[in-house]
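Asks: Model the structure of this input:
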Amino acid sequence: MISEENLERDLSDGVVLVNLVEVLSGCRIRHTRNPRFRAQKIDNNEMALRAMQKELGLVIAGYSPHGKTSLSLSLSLSLSLSLSLS
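Replies: Residues are numbered from 1 along each chain as shown. Below you'll find the model as predicted:
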C-alpha cells in the first residue's frame, strides 16, 4: 500500500511499479515481493522496466537501476502517469 507520508520510500523497492505493469500488461513478472536487500530492490525495478519495454512498448531513456536503489520520485510518478494513459 502506498502512503502519502513518504511516497518515494513506498516506490523505492519496485514492488508497486511491478504490480502496476502487471495490471496494465496482463502479464506476470517475476519479482521479490518483500525485498530486504538493495540487490532485490534493483532487480524489481529492472524487471518492471524490461516488462514495460517488452509488453507495453515503452522505452525509458536515461535510467540505470544500478545507480540508485530506487527510481527517483519524479521519474516514478511520470512512469505511472505514462503507463496509466497508455
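Asks: For the helix of greatest length in the chain, name the packing helices and strands.
Replies: Secondary structure of the chain per DSSP state H: the longest helix is helix 38-56. The helices and strands touching helix 38-56, judged by 3 or more Cβ pairs under 8 Å, 6 or more residues apart in numbering; DSSP states H and E, are helix 15-25, helix 73-85. C-betas here are computed from N, CA, C, even on glycine.
Asks: What residues sit buried inside it?
Replies: For helix 38-56, burial by neighbour count (16 or more other Cβ atoms under 10 Å) applies to 40-45, 47-49, 51-52.
Asks: Farthest-apart pair in the residues you listed, please.
Replies: The most widely separated members of the buried residues of helix 38-56 are Q40 and M52, with 19.0 Å between them, by Cβ to Cβ.
Asks: A48 is in contact with V18, correct?
Replies: Yes. Applying Cβ atoms under 8 Å, one finds V18 in contact with A48, separated by 4.7 Å.
Asks: where do the contact lists of those two overlap?
Replies: 29, 31 (Cβ atoms under 8 Å, 6 or more residues apart in numbering).
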